[in-house]
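Chemist: What would the 3D arrangement of this be:
(2 chains)
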Amino acid sequence: MTMAVARRLGAMMKTTAVRLSALYLVLFSVCAVLLVVYMTSLAASFFVGETRRAVEGEIESLSSVYARGGMRSLVVAIDRRSRAPGAFVYLVADPRGRIIAGNVEDLEPGVLDSRGWVPQPFYYQKYRDGRPGAAAPRAIGHVTRFDNGLRVLVGRDLAEPQLLRLIVRRSVALALGLMALGGLLIWFFVGRRALRRIDAVSAASDDIVAGDLGRRLPVSAANDEFDRLSVSLNTMLARIETLNNGLREVSDSIAHDLKTPLTRLRNRAEDALRKDPGQAGYRDALEDMIAEADHLISLFNAMLLISRVEAGYTRFTPQPVDLAAVAAELAELYEPLVEDAGGRLENAVAGPLVVEGNRELIGQAVTNLIDNAIKYGLAAPGGVVRLEGRRDEVARRVELAVCDTGPGIAEADRARALRRFERLDESRSRAGSGLGLSLVDAIQRQHGGTLRLEDNDPGLCAVLSFPAPASPD
Amino acid sequence: MKVLIIEDDRQAAAYLKKALGEAGHSADTAHDGEQGYLLAARGGYDALIVDRMLPRRDGLSVVSQLRGEGHTTPALILSALGEVDDRVTGLRAGGDDYLTKPYAFSELLARLEVLQRRSANGEAETGYRVGDLELDRLTRRVTRAGQDIALQPREFRLLEYLMRNAGRVVTRTMLLEHVWDYHFDPQTNVIDVHVSRLRGKIEKGFDKPLLHTVRGAGYVMRE
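Modeler: Predicted structure coming up:
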């Protein structure tokens, strides 16, 4: 039990909050002590000064008594004043040091030998009705020597400044004690609280490390720094989970869809080995296999680009890209291909249609859409692939559409068409990775835009929608 | 052509060296950035093949230091990174061309030979001639055996690029890069259609073919 408490206290000592409060406590105490010492020494010297002035006043008054009535009156006056309440310290001694009058019974030796102010406060014993005083208080005093050898000491007790010092010392000790106690209490509660929060975070982290990726760090309603930290960490964990899921999805897709071309590759090699087709036949087989490998490589590249874009890794410096210029260039590039496929390519994009982005990526997206339009939209001869540009000032969107006049995609199937490796014709007889549209979708998301499939009646419009760049004014 | 291969993957470097040897070029290999830099700085190479990620020193800093010291040996940068801006970064560091792994050797060889030629005659020529086909860059006139051939601007640029690199294989990707200024891999036969149209214009009515298809690689202009 005590071991556990000691361990817990030890752990608490290691928390930042406790270390900081300990440091503050020490610094504060040192400052308080210095301040108090300074103030009491000031007050004490003020008191001593006051006492000296009072003694000087008394000496002056006794001098005038001496001037009027001589030594006798002086002794009588001293004798009388000695008995008054709150009296000064008086002592009249003969040349041999014997006490003649006053209220002092005994005195530190050597005090009467000084002239004027006694250099140091001295101890003395007060005379009180024949009974020696309990304490031996200290006093300051002034010694006057007369011509006849008599010495008169007038002094004042230092009990008051000493009492002040005592009171201050006691209260300082008390205050420091209370402060230390308060500090200990604060340590205990703050440290324990901090430790408990951190323990909760550690426990949750351990669970997450152990594989419970859905677990999140506890967030209280206090919205303090721990909560803010937990919220940030939770956001990070959610992001990691998304990435992890994306990764799992990619590896599932790879397992699922790369097996087919790999099997084809392997079959081709096996086939050639089995048939022993001779020099030219082997060459054909090898060239087929290289083509198959190239297809696999481009499949990999597309997949990597998609997952990179989806994970937000693909960073590019956005630059103004004129969609109309991209459309014109790609229309020029694809026109012969469309014509060879028995269709017609129309470019109806009027420029400029400027968006912020990367020309290469946008070009690749448009290319993929045109490829798709040729592949699926030019089924019947006389088909048209049409590029259209739109600017929606209200919604602040800039859009580029690639439309065909083919069979289109039923509305129910459009969401499925955007999925990775999805090919709607199921036959998989046509060349293609099934990644085209998801690559376009990923590129659009990277630009803060969207890919939308619309009805062209008949046919399909694939619309690349970009946010309009902020106007320069 | 004497090539320096700076590539830390020893197997890949050995394969490249062997393949370049079979194509009639000699090659040295360096397996880290520091060694590569020292060899390249000594000079005597017609081209460098530099992998981006190398031990001890990365490929881009090797190239940019060589450029800073005045070496102009053309450098082809290889990279397994496929980021959109990487090409730009690579070319800005002083690379002359950029190829993403995995690549086809035919692509690398074609690019290397074009690079080497570009550095060999740095001065731009005013015209090209392959057999009886002539292209004048100043008047933008194309004639074959004295007969004018009318070309679209893009066809002219395509022919210009092919003729400038006459005798060397140019790949479809290189054509897309230099004629259309797009840097992705054309998945369809879009380039072939352009080339075959161009071929129709420059070869129709003449019996000697000038624009040849190289299987598995690309095209070559040759008498």
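
Chemist: ranges for the strands of the stretch 1-150 of chain A?
Modeler: In the stretch 1-150 of chain A, the segments counted as strands under DSSP state E, counting those that start in this stretch are A:89-93, A:99-102, A:104-107, A:116-117, A:122-128, A:131-132, A:138-145.

Chemist: how far does the fourth one sit from the chain's center?
Modeler: Think strand A:116-117. Relative to its parent chain, strand A:116-117 has a centroid offset of 68 Å by CA atoms, centre = their mean, to the nearest Å.

Chemist: Low-confidence regions, chain B specifically.
Modeler: Residue ranges of chain B with pLDDT under 70: B:81-84, B:119-124, B:187.

Chemist: domains for it, by residue range?
Modeler: Under the assignment automatic domain parsing, the domains of chain B span B:2-120, B:127-221.

Chemist: And the ones you listed: which comes nearest A:Gly448?
Modeler: Among these, domain B:2-120 comes nearest to A:Gly448, with 15.4 Å by CB to CB. The C-beta positions use only the backbone N, C-alpha and C, and glycine is treated the same way.

Chemist: Nearest to A:Arg138, out of the domains of chain B?
Modeler: domain B:2-120 (82.5 Å).

Chemist: sorry, back to before: going by mean pLDDT, which of the strands of the stretch 1-150 of chain A comes out lowest?
Modeler: Lowest mean pLDDT of those: strand A:131-132, a mean of 50.

Chemist: hey, where'd the helices end up in the stretch 51-200 of chain A?
Modeler: For the stretch 51-200 of chain A, the helices defined by DSSP state H, counting those that start in this stretch cover A:159-209.

Chemist: Mind telling me which residue of it is nearest chain B?
Modeler: Going by CB to the nearest CB, chain B is nearest to A:Ile198 of the stretch 51-200 of chain A, at 38.8 Å.

Chemist: still on that earlier bit, I'd like the domains of chain B written out as CSV, with mean neighbour count added.
Modeler: Shown next, in CSV, are these (neighbours: other CB atoms under 10 Å in any protein chain shown):
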stretch, mean neighbour count
domain B:2-120, 18
domain B:127-221, 17
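
Chemist: Next, the contact list for the most centrally placed residue in chain B, please.
Modeler: In chain B, the C-alpha nearest the mean C-alpha coordinate belongs to B:Arg111, at 2.4 Å (CA atoms, centre = their mean). B:Arg111 makes contact with B:Leu76, B:Asp97, B:Leu99, B:Thr171, B:Met174 under the criterion CB atoms under 8 Å, 6 or more residues apart in numbering or on different chains.

Chemist: Compare the domains of chain B and give me the one nearest A:Glu160.
Modeler: Among the domains of chain B, the nearest to A:Glu160 by CB to CB is domain B:2-120 (82.5 Å).

Chemist: hang on, the residue nearest to the centre of chain B is in a helix, isn't it?
Modeler: Yes. Counting by DSSP: H, G, I helix; E, B strand; the rest coil, B:Arg111 falls inside a helix.

Chemist: Farthest-apart pair in the contacts of B:Arg111, please.
Modeler: B:Leu76 and B:Thr171 (13.3 Å).

Chemist: can the domains of chain B go into TSV with extra columns for distance to A:Leu258?
Modeler: As requested, these are exported to TSV (distance: least, CB to CB, whole Å):
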stretch	distance to A:Leu258
domain B:2-120	15
domain B:127-221	17
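
Chemist: From B:Arg164, how far out is the residue nearest to A:Ile59 when sequence neighbours are not counted?
Modeler: Spatial nearest neighbour of A:Ile59, chain neighbours left out: A:Val154 (5.3 Å); criterion: CB to CB, 6 or more residues apart in numbering or on different chains. Separation of A:Val154 from B:Arg164 (CB to CB, to the nearest Å): 122 Å.

Chemist: now B:Ala27
Modeler: Using CB to CB, B:Ala27 is found at 25 Å from B:Arg164.

Chemist: Check A:Ala412 too.
Modeler: Distance from A:Ala412 to B:Arg164, by CB to CB: 53 Å.

Chemist: residues from the stretch 301-450 of chain A in reach of chain B?
Modeler: Residues of the stretch 301-450 of chain A found near chain B (CB under 8 Å from any CB of the partner chain) are A:301, A:304-305, A:308, A:313-317, A:329, A:332-334, A:336-337, A:340, A:358, A:360-361, A:363-364, A:367, A:371, A:374.

Chemist: from those residues, which ones fall inside helices?
Modeler: A:301, A:304-305, A:308, A:329, A:332-334, A:336-337, A:340, A:360-361, A:363-364, A:367, A:371, A:374 (DSSP state H).

Chemist: So how do I select the buried members of the residues you listed in ChimeraX?
Modeler: Applied in ChimeraX, the following selects the buried portion of these according to 16 or more other CB atoms under 10 Å in any protein chain shown:
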select /A:301,305,308,329,332,333,334,336,337,360,361,363,364,367,371,374
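
Chemist: Just give the number of residues close to the residue lying closest to A:Gly377 once chain neighbours are set aside.
Modeler: By the measure of CB to CB, 6+ apart, the closest residue to A:Gly377 outside its immediate chain neighbours is A:Asp404, 2.5 Å from it. As a burial measure, A:Asp404 scores 28 neighbours (other CB atoms under 10 Å in any protein chain shown).

Chemist: Hmm, A:Ala379 and A:Asp404 touching each other?
Modeler: No. Counting by CB atoms under 8 Å, A:Asp404 stays clear of A:Ala379, with 9.2 Å between them.

Chemist: re the thing from before, quick check: the residue nearest to the centre of chain B vs B:Leu91, distance?
Modeler: 13 Å.

Chemist: Identify the contacts common to these two.
Modeler: Common neighbours of B:Arg111 and B:Leu91 (criterion: CB under 8 Å, 6+ apart): B:Asp97.

Chemist: Let me see the contact set for A:Ala311.
Modeler: Each residue near A:Ala311 by CB under 8 Å, 6+ apart is listed here: A:Leu243, A:Gly246.

Chemist: before we move on, the earlier item: in contact with the residue nearest to A:Ile59, which residues?
Modeler: Applying CB under 8 Å, 6+ apart, we find A:Val154 in contact with A:Val55, A:Glu58, A:Ile59, A:Leu62, A:Phe88, A:Val89, A:Tyr90, A:Gly141, A:His142, A:Thr144.

Chemist: which bits of chain B sit near chain A?
Modeler: B:82-85, B:100, B:102, B:104, B:154, B:180-190, B:193-194, B:197, B:215-216.

Chemist: Could you list which of the residues you listed belong to strands?
Modeler: B:Thr100 (DSSP state E).

Chemist: circling back: list buried members of the contacts of A:Val154 by neighbour count.
Modeler: Buried by 16+ other CB under 10 Å: A:Val55, A:Glu58, A:Leu62, A:Phe88, A:Val89, A:Tyr90, A:Gly141, A:His142, A:Thr144, out of these.

Chemist: Quick one: those residues as a markdown table, columns for distance to chain B too.
Modeler: Formatted as a markdown table, the buried ones among the contacts of A:Val154 follow (distance: CB to the nearest CB, whole Å):
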| residue | distance to chain B |
| --- | --- |
| A:Val55 | 89 |
| A:Glu58 | 94 |
| A:Leu62 | 99 |
| A:Phe88 | 93 |
| A:Val89 | 92 |
| A:Tyr90 | 98 |
| A:Gly141 | 89 |
| A:His142 | 90 |
| A:Thr144 | 96 |
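
Chemist: what's the burial count for the residue in the stretch 1-150 of chain A positioned nearest to chain B?
Modeler: Chain B sits closest to A:Thr16 of the stretch 1-150 of chain A, with a gap of 39.6 Å, by CB to the nearest CB. Residues lying near A:Thr16 (other CB under 10 Å) number 10.

Chemist: got it, and the one 3 residues further on?
Modeler: By other CB under 10 Å, 14 other residues sit near A:Arg19.

Chemist: Repeat that for A:Val33.
Modeler: The tally of other residues near A:Val33 (other CB under 10 Å) stands at 14.

Chemist: Return the residues in contact with the closest residue to it other than its chain neighbours.
Modeler: Leaving aside its sequence neighbours, A:Val33 sits nearest to A:Val172 (CB to CB, 6+ apart; 6.7 Å). Residues near A:Val172 by CB under 8 Å, 6+ apart: A:Ala32, A:Val33, A:Val36.
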